[in-house]
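> Here's my sequence, what's the structure:
(one chain, ligands or ions: 1)
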Amino acid sequence: MATTAARLKKSEARLEDANAPPEAARFSVTPALFAKFQRLIYEESGIWLGDSKAALLCGRLSRRLRTLGIPTLDKYYQHVVNPAQSEERASMIDAITTNETRFFREPKHFEFLESHAIPRWRADGDRGLRSKNLRIWSAACSSGEEPYSLAMLLARHLPAEQGWKVSIFATDISTRILALALRGIYNISKSRDIPQLLLKDYMLKGIDEQKGQMKVMPEIRAMVDFQNLNLMRGSYPPAGHFDVIFCRNVLIYFDRESKQKVVQGLTRCLARNGLLFLGQAENLSGTNLPFRTLAPSVYTRMGENGGH
Ligand SMILES: C[S@@+](CC[C@H](N)C(=O)[O-])C[C@H]1O[C@@H](n2cnc3c(N)ncnc32)[C@H](O)[C@@H]1O
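Numbering: from 1, shown residues only. This is a model prediction of the structure:
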């Protein structure tokens, strides 16, 4: 039980928070300065902060300013725009990105894999019509829930004992979030998103000091290779490399031009007949690429002659 002193400390902290001016008010940004940040963030990441996002910019960058002891956003801009400050630009993008994610988020995508894709791969694999190596890319993987969900599902249905080798390449622009993903430790409350059987087989429940946490089992972690990759600038994996690409809930932050560029890059990396999954609020409209829709926000890459 918390001591009275600890309780007091906690309530003081809450009071301090409540009395503190909102971050956005502490640091202000003129329209001209906001436009400069808009451009810089766009050039670095492809993320376009709309004109209504000035308060968000101030709020999210306030911690960087405090950490560096820089008093104003104007001074911070002068600092971060310096070509020698590439690490600080990465920290700025870290602060700006939205990393919300969940295990088995948008469950219909996982149901699609389970009921359509996996049975076909298994049948083709058993008849020697395809290799038993399956390569998946979780582009913009955030703190790892998406690639680990894929790894758990595939470990169950395409087990190594039956000759399958499933590898998941998981990338994100944010090094901060990738460090969390790599640990593979989550609050136990997130277990409610994981199907019971998978939870039982592939997650370790913390005890003693780790109570309230769960950890992804080593065999699942070993299936996932986390790497830092900026979809706007990074060098993409080789052409035709992946059977499946999940690129979900990141295109929404891009403008039309960035979206086109990223989806073109992903298309090159996808094997013919490979599957592309976007977030359910995203689509390929306006991109004019060789895809056929299989289900909402699930696409397959067609062959050269438009067939598949
Ligand atoms: C909202 S999360 C989506 C996570 C996961 N795909 C999902 O659907 O649950 C968006 C992620 O995109 C990443 N991101 C934003 N811009 C990026 C870029 N240019 N390249 C790679 N990742 C980026 C962010 O760091 C963040 O982790």
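> who in this protein is up against the ligand?
Proximity of the chain to the ligand is confined to 45-47, 97-101, 105, 140-142, 146, 172-174, 177, 230-232, 248-250, 253, 279 under the rule Cβ under 6 Å from any ligand atom. C-beta here means a position set from N, CA and C on the backbone, and glycine is covered the same way.
> Mark which of the residues you listed are buried, thanks.
Neighbour-count burial (16 or more other Cβ atoms under 10 Å) is assigned, among the residues of the chain next to the ligand, to 45-47, 97, 99, 101, 105, 140-142, 146, 172-174, 177, 230-232, 248-250, 253, 279.
> Need the pLDDT of Arg7.
The model reports Arg7 with a pLDDT of 37.
> Repeat that for Gln213.
97.
> beta partners of it?
Gln213 forms beta bridges with Asn187, as assigned by DSSP bridges.
> any idea how far Gly206 is from it?
4 Å (Cβ to Cβ, to the nearest Å).
> now Asp172
Distance from Asp172 to Gly206, by Cβ to Cβ: 25 Å.
> what does Ala32 give?
For Ala32, the distance to Gly206 - Cβ to Cβ - is 50 Å.
> Show me which of the two is the more surrounded one.
Neighbours of Ala32 and Gly206, each counted by other Cβ atoms under 10 Å, are more numerous for Gly206; the result is 16 against 8.
> List the contacts of the more buried one.
Neighbouring residues of Gly206 by Cβ atoms under 8 Å, 6 or more residues apart in numbering: Ile185, Ile188, Gly212, Gln213, Met214, Lys215.
> Is the first one in contact with Gly212, as I believe?
No. Using Cβ atoms under 8 Å, Ile185 is not in contact with Gly212; the gap is 10.6 Å.
> Pop the domain breakdown of the chain in here.
The chain breaks down by automatic domain parsing into domains covering 4-96, 107-301.
> Point out the most buried one among those.
Comparing the domains of the chain by mean neighbour count (mean count of other Cβ atoms under 10 Å), domain 107-301 ranks first with a mean of 17.
> what about that domain, start to end distance?
22 Å (Cα to Cα, to the nearest Å).
> Give me the residue ranges of the protein where confidence is low.
1-26, 303-308 (pLDDT under 70).
> Break down it into its strands, ranges please.
Counting by DSSP state E, one finds strands in the chain at the ranges 133-139, 165-172, 185-187, 203-205, 213-216, 224-228, 242-247, 270-278, 291-295, 298-301.
> overlap in contacts of Gln213 and Gly206?
Between them, Gln213 and Gly206 share the contacting residues Ile185, Ile188, judged by Cβ under 8 Å, 6+ apart.
> quick one: the closest residue to Tyr299 other than its chain neighbours and Leu270, what's the gap?
Of all residues not flanking Tyr299 in the chain, Phe291 sits nearest, at 4.0 Å (Cβ to Cβ, 6 or more residues apart in numbering). As judged by Cβ to Cβ, Phe291 and Leu270 stand 9 Å apart.
> Report the set of residues contacting both of these two.
In contact with both Phe291 and Leu270: Leu276, Arg301, using Cβ under 8 Å, 6+ apart.
> isn't Thr97 right up against Ser174?
Yes. Contact criterion Cβ under 8 Å: Thr97 and Ser174 qualify, at 5.2 Å.
> Walking through the protein, point out its helices one by one.
Ranges of helices in the chain, per DSSP state H, are 4-19, 23-26, 31-45, 54-68, 73-80, 86-96, 107-112, 118-126, 145-157, 175-183, 196-202, 218-221, 256-269.
> Would you reformat the ones you listed as CSV and include distance to Ser167?
Shown next, in CSV, are the helices of the chain (distance: least, Cβ to Cβ, whole Å):
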stretch, distance to Ser167
helix 4-19, 44
helix 23-26, 41
helix 31-45, 26
helix 54-68, 34
helix 73-80, 36
helix 86-96, 26
helix 107-112, 18
helix 118-126, 14
helix 145-157, 9
helix 175-183, 16
helix 196-202, 16
helix 218-221, 12
helix 256-269, 14
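> and of these, who's closest to Ser297?
Nearest to Ser297 among the helices of the chain is helix 107-112 (7.6 Å), distances taken as Cβ to Cβ.
> Residues in contact with the closest one: which ones?
The contact list for helix 107-112 (Cβ under 8 Å, 6+ apart) reads 104, 149-150, 153, 246, 248, 277, 280, 294-298.
> Repeat that for stretch 288-306.
Contacts for stretch 288-306 (Cβ under 8 Å, 6+ apart): 106, 108-109, 112, 116, 248, 263-264, 267, 270-280, 282-284, 308.
> Cool, thanks, talk later.
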